[in-house]
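A.B. asks: fold the following, please.
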Amino acid sequence: MSERRDPVLGALPERRNNSTRPAFALQRGAQQTPQARPRVRWALLVLGAVVLLGSAFGLYRWRDALGARLAPPPEQTRLMQQAAAALRANRLTSPDGRGARELYQAVLARDPDVLAAREGLVRVGTAALAQAQAAVSAHHREEARKELELARALAVPVADLQPVEEALRSGTDSDEQLAGLLATAEAAEHAGHIDDGNASALAVYQQALAAAPDNAVLLARRHALLARMLGGIDRLLAQGDTDGTQRLVDRVAGVDPVDVDLPAARARLAEAVQQRQGARSHALDAADASLQAGRIDVAVAAYREVLTKAPDDLRAHGGLRAAGEALLRNANRAAAEFDLTAAQSALEQARALAPESPNLRATELHVEQARAHAVAVQATAAAAGPKANVGSVGKVDPARIVDLLAAADHAIVRDQLVDPPGDSAFDKLRAAAAIAPADPRVVEATHRFVATALACYQREMTDNRLARGGACLDALVAIQPTNPQLPSMRQAIAARWLAVADERLGAGEIDNAQHAIGSAQRWAPDNPAIPAALARLQQARVGAKH
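C.D. replies: Now for the predicted structure:
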């Protein structure tokens, strides 16, 4: 047998570490890595810087809001604790503001975004529903109705309310009892007891309808009674009693919000209120015009006439204070001219109208100094003999207009438009106008005064210095009450004051908020946002008392 021989491949070539493909791969890696990596690092650094800057700006921009969320104001914390305690004590609502409902609402009046307070109101509604269920089980039907109304007012779901409502309806009085209630209501109505207590006709109808809410006869009788009540609007409006009319309309709406006669009654009331406000605004405009024309006695009488019908009218009160300030300026001018009788008379009237004016004491001192100077002059004249010219005291040389206008310009440059009394630009211009009202120099100085007042108002409003802006606006009103820009300027400064009031309420500063709302009312008493601000202020004040 021949010997087996295996095939021989021969000597294998040596493997090279720098073969073509690995070398190509390494070459590509060597070409890309040094350029790609720096770009990635720079992109990450830029992104990190942007994130840090954005975070820093966000923390600075919303630092107050974040602080308020992380650490609520002490007043808010106190009200929340009191509300929780009232809820634990089942004191769900109370007319004196100590109920859980009122306390949670006081928190929301300060900050509508407090989620815990909203959740608290939900718990109050749930507790009211539970108490209503317990009262139904104990056959305390009136108590159950009250608790059910509270739950409904707090927006408890209708599906949760229905079982209690059905339980109340299932225990309604018999037909004989309803007939008895109907007869009682009719007797009370015939006796004139419409809505004057628990035994009145309306109260009995409400009691019967609580037991049988779908009874057509009861609904018709109650509607007829409400129509009779609304018939009293004519008498109230004839007497000018719009407040009484408002209470009557609110009463009917509280009993039956969908009464068919309510829209017409509200329309008549709105028309009467608009007429009354228009008449009051017209009277106040006339009073303002009289004041600016220097007829202070006429203006004061008009302001007081308004206050007899609207004792809380802030514009009328402000008009009286403005009249007092005008009298102080008159007293200063009279003292400067040594007309001591006129100065003393104006001072006494001003003291009665503006007893808290900061300018009152300065004017008193000015009058006292003028009196002392007059006495000294008289004494000097007496010592000099009968030839002394004592008639020069108190007389004004027409050439004095030059000095007055120079003093007015000097005061305008110093922004002393209406203060200090006697030395202000307004006082100097008024004195010059009294001497020569048609003098071109006086007219030109008045134009400069108006331009300065407008610039002052715009500057102070831009810097949010509202008190100073109001002083500039006062100056413009004093010198040019018919300026066409005044209405928009009044509304603008009133809106700024309302924003301040909203901010102060959020911070719990009730007195400062009240001052801000009063300032807004002074400039624009008809601003539609004022009633809502006053309502929120009242809610916050109730919460602050407890």
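A.B. asks: in this structure residue 136 contacts residue 164, no?
C.D. replies: Yes - assessed by CB atoms under 8 Å, residue 136 is found in contact with residue 164 at 6.0 Å. Quick note: C-beta positions are derived from backbone N, CA and C, even for glycine.
A.B. asks: what touches both of the two?
C.D. replies: residue 144 (CB atoms under 8 Å, 6 or more residues apart in numbering).
A.B. asks: what's the first helix or strand after the helix-or-strand element of the chain with minimal mean pLDDT?
C.D. replies: Every helix and strand of the chain was ranked by mean pLDDT, DSSP states H and E. The lowest is helix 63-70, at a mean of 54. Going down the chain from helix 63-70, the next helix or strand is helix 74-88, by DSSP states H and E.
A.B. asks: mind listing what's buried in stretch 228-244?
C.D. replies: Buried residues in stretch 228-244, counting neighbours by 16 or more other CB atoms under 10 Å, are found at 229, 230, 233, 236, 237, 242.
A.B. asks: how about stretch 527-538?
C.D. replies: For stretch 527-538, by 16+ other CB under 10 Å, it's 527, 529, 530, 533, 536, 537.
A.B. asks: confidence score at the fifth one?
C.D. replies: With respect to pLDDT, residue 536 has a value of 89.
A.B. asks: for it, list the residues it contacts.
C.D. replies: Listed by CB under 8 Å, 6+ apart, the contact set of residue 536 reads 109, 502, 505.
A.B. asks: quick one: least confident of those?
C.D. replies: residue 109 (87).
A.B. asks: and the nearest residue in space to that one that is not next to it in sequence, what helix or strand is that in?
C.D. replies: Leaving aside its chain neighbours, residue 109 sits nearest to residue 539 (3.8 Å; criterion: CB to CB, 6 or more residues apart in numbering). Using DSSP H and E, residue 539 sits in helix 530-544.
A.B. asks: okay, that helix in CSV with CA atoms only?
C.D. replies: Output in CSV follows, covering the C-alpha atoms of helix 530-544 (Å, rounded to 0.1, in the frame of the first residue of the first chain):
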residue,chain,number,x,y,z
ILE,A,530,-64.4,100.0,41.6
PRO,A,531,-67.4,98.0,42.9
ALA,A,532,-65.5,94.7,42.5
ALA,A,533,-62.5,96.2,44.3
LEU,A,534,-64.7,97.4,47.2
ALA,A,535,-66.4,94.0,47.5
ARG,A,536,-63.0,92.3,47.7
LEU,A,537,-61.8,94.8,50.2
GLN,A,538,-64.9,94.1,52.4
GLN,A,539,-64.2,90.3,52.2
ALA,A,540,-60.6,90.8,53.2
ARG,A,541,-61.6,93.1,56.1
VAL,A,542,-64.0,90.5,57.4
GLY,A,543,-61.2,87.9,57.3
ALA,A,544,-58.8,90.3,59.1
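A.B. asks: check the nearest residue to residue 117 once chain neighbours are set aside and give its pLDDT.
C.D. replies: Setting aside the residues directly before and after it, residue 117 is nearest to residue 107 in space (CB to CB, 6+ apart), at 4.1 Å. Note for residue 107: predicted pLDDT of 90.
A.B. asks: how near is residue 107 to residue 134?
C.D. replies: 28 Å (CB to CB, to the nearest Å).
A.B. asks: do the same with residue 246
C.D. replies: Residue 246 is 38 Å from residue 134, by CB to CB.
A.B. asks: residue contacts, the residue nearest to residue 117?
C.D. replies: By CB under 8 Å, 6+ apart, the contact set of residue 107 is 76, 79, 80, 83, 114, 117, 543.
A.B. asks: filter those residues down to the buried ones, PyMOL style.
C.D. replies: Buried members of the contacts of residue 107, defined by 16+ other CB under 10 Å, are picked up in PyMOL with:
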select buried, resi 76+79+80+83+114+117+543
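A.B. asks: lovely, talk soon.
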